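*Asks:* Got a sequence here, can you model it:
(one chain, ligands or ions: 1)
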Amino acid sequence: MIESTTYKFAKCLQKRFGIIPGVTDKQYITNSYHIKVTEPIDAFSKIKLESEFQALSPGGAITYVEVPNMQNNIPAVLEVIKFIYNNIIYAELNTKSDYCQVCGYDGEIKIVKDESTGRLVWECPNCKNRDQDKMNVARRTCGYIGLTNTGLALSSFSSSQRGLQFLFVS
Ligand SMILES: [Zn+2]
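*Replies:* From the prediction side, this is the model:
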């Protein structure tokens, strides 16, 4: 699958060319015409710029806009959606919509470091629940939404430090 392919490609590039800052220094590669996730760019500029490349990608294309929890800023969500409608063929607005089954928190569940083990774990900011079987967290790694209740998703997510997303909750 693409999540492991992008990791494998990144590793192969590092092996062949060494660690080049800004080029091969990540555990993933940026595919397609996507502007790299660390680029400081606003949603509207990103959509506009990437829209110029969609016509060159007849096999399929999608632009992602990563945003924080937007539940309290619906007018801004609507502005981005209108901009998508008017400027690009296919795009997606990704926000955080995690759910804690213990306390009912509905927002963004964050990664924290477990003090005793040193491992990265998901923790509900409301009730501090860390039981991954009692939460729904999904993040996008390399273009695809994955549930994070697996170690792989957590390690990919944390190593790439992307501000990724949800789409489906189980
Ligand atoms: Zn909770």
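
*Asks:* mind listing the strands in this structure by residue range?
*Replies:* Here the chain has its strands, by DSSP state E, at 63-66, 91-94, 98-100, 106-107, 110-113, 120-123, 135-136, 138-141, 144-147.

*Asks:* of all those, which lies closest to F9?
*Replies:* If you check each of those against F9 by CB to CB, strand 138-141 wins as the nearest, at 13.9 Å. Quick note: C-beta positions are derived from backbone N, CA and C, even for glycine.

*Asks:* Sketch out the helices for the chain, chain order is fine.
*Replies:* Secondary structure of the chain, counting by DSSP state H: helices at 2-17, 43-54, 74-87, 151-160.

*Asks:* Below-threshold pLDDT in the chain: ranges please.
*Replies:* Scanning the chain for pLDDT under 70 picks out 1-3, 140-170.

*Asks:* interface residues of it facing the ion?
*Replies:* Neighbours of the ion within the chain, by CB under 5 Å from the ion: 100, 102-103, 105, 124, 126-127, 129.

*Asks:* And those residues, which of them are buried?
*Replies:* Taking 16 or more other CB atoms under 10 Å as the criterion, what is buried in these is 100, 105, 124, 129.

*Asks:* what's the most distant pair in those?
*Replies:* Within those, Y105 and N129 form the most distant pair, 8.4 Å apart (CB to CB).

*Asks:* Need the residues touching each of those two.
*Replies:* When CB atoms under 8 Å, 6 or more residues apart in numbering defines a contact, no residue borders Y105 and N129 alike.

*Asks:* What is the distance between stretch 48-67 and the centre of its chain?
*Replies:* From the chain centre to the centre of stretch 48-67 is a distance of 16 Å (CA atoms, centre = their mean, to the nearest Å).

*Asks:* Show me what counts as buried in it.
*Replies:* Buried residues in stretch 48-67, counted by 16+ other CB under 10 Å: 50-51, 54, 61, 63-67.
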